[in-house]
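Q: Sharing a model prediction with you, sequence too.
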Amino acid sequence: KDTSSPTIATSSVMIIAAIAAEEQREVITMDIGGAYLHAEMKKDVYMRLPKELSDILIKLDGSYKRYVNPAGQIVVKLLKALYGCVESAKLWYEHFRACIENIGFTANPRDICVFNKSANGKQCTIGVHVDDQIITCANQDMLNCTIRDIKTIFSETTETYGKVHNYLGMTMDYSSSGLVKIAMKNYLEEKLKEFNVIGKSKTPCANNLFQRNDNSNLLTNEERELYHSKVASVLFLAKRVRPDILLTVSVLATRVNAPTKDDNNKLDKLLRYLNSTKNFYLTLDGTNINSPWISVDASFGTHPDGKGHTGMSEGIGRSGFNHKSSKQRILCKSSTEAEIVGASDTISNGLHTREFLKFQGYNPGPTIVYQDNLSAIKMMPDGKGTSDRTKHISVRYFWMKEKADNNEIKFEYLPTENMVSDILTKPISGKQFIKLRNKILNWQGEPEEP
């Protein structure tokens, strides 16, 4: 009944990469050939081979001729998890997990596609995305032993060694000590060429991003499909290595069902911005691994229907690895309420990361929650509104009080000009945009003039 298969979360990949950079771990990426075919089917599954394949099977082994039906087909029972079967991915994961646990690895309960094994104070970590693995370890002997054990179990493997790795469409460069630079340059250049992007822009959006132009004509069906394809392409990029465009993408993605010429013009501006920053990348480091943080900001009443917009950036050290930009689901009566709702909707991400780090063997302190609204900072640890203007705020948004009392989170004030999540809530331009853009990317490249 349950045929879904887990895959490693993008945030887990980023944390593993940051830790590897900080601890100077060796990194290896591996691909297992014919992965599904290692797993056995657990239920009786039958497949009707078309006549062409049946003829080939008979040529290979004439004894199969007696099984041919009047239509020239053969019905076979599957012994292995063939590609294309709905349960094959899950069966493969279960098989791989059993094999890995048999050689001493244990799954992280917060992401069961991350496995760890420790010996002599050193840890080896394996991240699994179907048949693609990323393996990190600071002990070369332990790493070699792990590779050898996996190759013994799965004979068809391809390993990549060195400082530069391609994993899940991202290029990870460990050439700089203590850092990993993650880019998707080839993907971006392919999309810019596919969409015939010409020209450049200094920012991904203008001040009218949230505004709807009711006088703008709807796109034709063909134009709408292209608009949808473009938005999906840049969203894939934004959620991994380009959080500086996430606000614009999140707003434009809400309009894919009935986009207008005005929406398409805004999308074109975003693509021109990407054309001017196609060499940009995300830089991660694992400094202060035991001090996870989350920056939460909200803009009040920015959408045409009066709802606000939440921005969240989560990270360790100087770098953010998980970002969110989304329209709030309820109407708020004040900026303070918008901040509280935004924090309530996103802080669970930071709590998840804190637990993930614990199971990775670290001892993180409380997750620091950065806020730029003093009223919200005062109310959230109190667990209630105290004035006539805030008493209406639902108690369900104050579950954070319990987490603060348990020392799982800690609220700290940070001025708006330094709030990295501010770039995820509203259009910004000039020096402030460059400042926050460089901060959210932890940009290590050349400085840029506004």
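A: Alright, I've got the coordinates.

Q: State the mean pLDDT of stretch 266-278.
A: Average pLDDT, stretch 266-278: 96.

Q: what's in contact with that stretch?
A: Here stretch 266-278 makes contact (CB atoms under 8 Å, 6 or more residues apart in numbering) with 185, 188-189, 192, 195, 197-206, 208-209, 227, 230-231, 234, 237, 242, 244-245, 248-249, 252. The way it works is simple: take the backbone N, C-alpha and C, and place the C-beta from them, glycine included.

Q: Kindly recompute the last result at 6 Å.
A: Stretch 266-278 has contacts (CB atoms under 6 Å, 6 or more residues apart in numbering) with 188, 192, 197, 199-201, 204, 230, 248, 252.

Q: hang on, residue 313 in a strand?
A: Yes: judged by DSSP: H, G, I helix; E, B strand; the rest coil, residue 313 forms part of a strand.

Q: Mind putting the contacts of stretch 266-278 into a markdown table with secondary structure, distance to residue 419 and neighbour count?
A: Listed next are those as a markdown table, based on DSSP: H, G, I helix; E, B strand; the rest coil; distance: CB to CB, whole Å; neighbours: other CB atoms under 10 Å:
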| residue | secondary structure | distance to residue 419 | neighbour count |
| --- | --- | --- | --- |
| 188 | helix | 27 | 22 |
| 192 | helix | 30 | 17 |
| 197 | coil | 31 | 20 |
| 199 | coil | 31 | 11 |
| 200 | coil | 27 | 13 |
| 201 | coil | 24 | 17 |
| 204 | coil | 18 | 29 |
| 230 | helix | 29 | 23 |
| 248 | helix | 18 | 24 |
| 252 | helix | 23 | 23 |
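
Q: for the residues you listed, which one is nearest residue 222?
A: residue 230 (12.9 Å; CB to CB).

Q: Test for you: state the pLDDT assigned to the closest one.
A: pLDDT at residue 230 comes out at 97.

Q: Identify the residues contacting it.
A: For residue 230, the contact set (CB under 6 Å, 6+ apart) comprises 195, 267.

Q: Which strands or helices does the lowest-mean-pLDDT helix or strand in the chain pack on?
A: Ranked by mean pLDDT, DSSP states H and E, the weakest helix or strand in the chain is helix 374-382, scoring a mean of 81. Helix 374-382 sits against helix 335-359, with contacts defined as 3 or more CB pairs under 6 Å, 6 or more residues apart in numbering; DSSP states H and E.

Q: what about 10 Å?
A: If you count contacts as 3 or more CB pairs under 10 Å, 6 or more residues apart in numbering; DSSP states H and E, helix 374-382 packs onto helix 335-359, strand 367-371, helix 400-405, strand 409-413.

Q: Phi, psi for the nearest residue to residue 9 once chain neighbours are set aside please.
A: Counting by CB to CB, 6 or more residues apart in numbering, residue 9 lies nearest to residue 111, which is 5.5 Å off, once chain neighbours are set aside. The phi/psi pair for residue 111 (degrees, to the nearest 10) reads phi -160, psi 100.

Q: in terms of contact, does residue 318 touch residue 439 like I think?
A: Yes: taking contacts as CB atoms under 10 Å, residue 318 lies within contact range of residue 439: 8.6 Å.

Q: more crowded one of those two?
A: residue 439 (20 against 14; other CB atoms under 10 Å).

Q: Need phi/psi at the more buried one.
A: Backbone torsions of residue 439, given as degrees, to the nearest 10, read phi -70, psi -40.

Q: check contacts around residue 107.
A: When contacts are counted by CB atoms under 10 Å, 6 or more residues apart in numbering, residue 107 is found next to 6, 97, 100-101, 113-116, 126, 128, 359.

Q: And it, which helix or strand is it part of?
A: strand 106-108 (DSSP states H and E).

Q: So what are the sheet partners of that strand and their directions?
A: Paired neighbours of strand 106-108 in the sheet (DSSP bridges): strand 111-119 (antiparallel).

Q: now the helix or strand that the partner strand is followed by against strand 111-119, angle please.
A: Once strand 111-119 ends, the next helix or strand along the chain (criterion: DSSP H and E) is strand 122-129. Orientation check (axes from the mean of the first three to the mean of the last three CA atoms, to 10 degrees): strand 122-129 against strand 111-119 gives 160 degrees.

Q: Following element in sequence after strand 122-129, please.
A: strand 132-137.

Q: That following strand pairs with which strands, parallel or anti?
A: strand 26-32 (antiparallel), strand 122-129 (antiparallel).

Q: okay, these, which one's buried deepest?
A: Greatest average neighbour count among the strands paired with strand 132-137 goes to strand 122-129 (a mean of 22), per mean count of other CB atoms under 10 Å.

Q: Just the buried residues of the least confident helix or strand of the chain, please?
A: For helix 374-382, a neighbour-count test (16 or more other CB atoms under 10 Å) marks 375-377, 379-380 as buried.

Q: and those, which two are the farthest apart?
A: Top of the distance list for the buried residues of helix 374-382 (CB to CB): 375 and 380, 9.7 Å.

Q: shared neighbours of these two, anything?
A: 339-340.

Q: Next, count neighbours for residue 156.
A: Neighbourhood size, residue 156 [other CB under 10 Å]: 12.

Q: separation between it and residue 31?
A: Per CB to CB, to the nearest Å, residue 156 is found 9 Å from residue 31.

Q: what sits against residue 115?
A: By CB under 10 Å, 6+ apart, residue 115 lies in contact with 96-97, 100-101, 103-108, 124-128, 133, 135.

Q: Just the pLDDT at it, thanks.
A: pLDDT, residue 115: 98.

Q: do the same with residue 446
A: You'll see residue 446 listed with a pLDDT of 69.

Q: What of the one 4 residues further on?
A: At residue 450, the pLDDT value in this model is 44.

Q: hang on, the earlier thing: for the contacts of stretch 266-278, which one is nearest residue 265?
A: Once CB to CB is applied, the member of those that ends up nearest residue 265 is residue 252, at 10.7 Å.

Q: my read: the closest one touches residue 212, true?
A: No: the criterion here is CB under 10 Å, and residue 252 misses it with residue 212 at 11.8 Å.

Q: Show me whatever sits in contact with both of those two.
A: With CB under 10 Å, 6+ apart, residue 252 and residue 212 have common neighbours residue 263.
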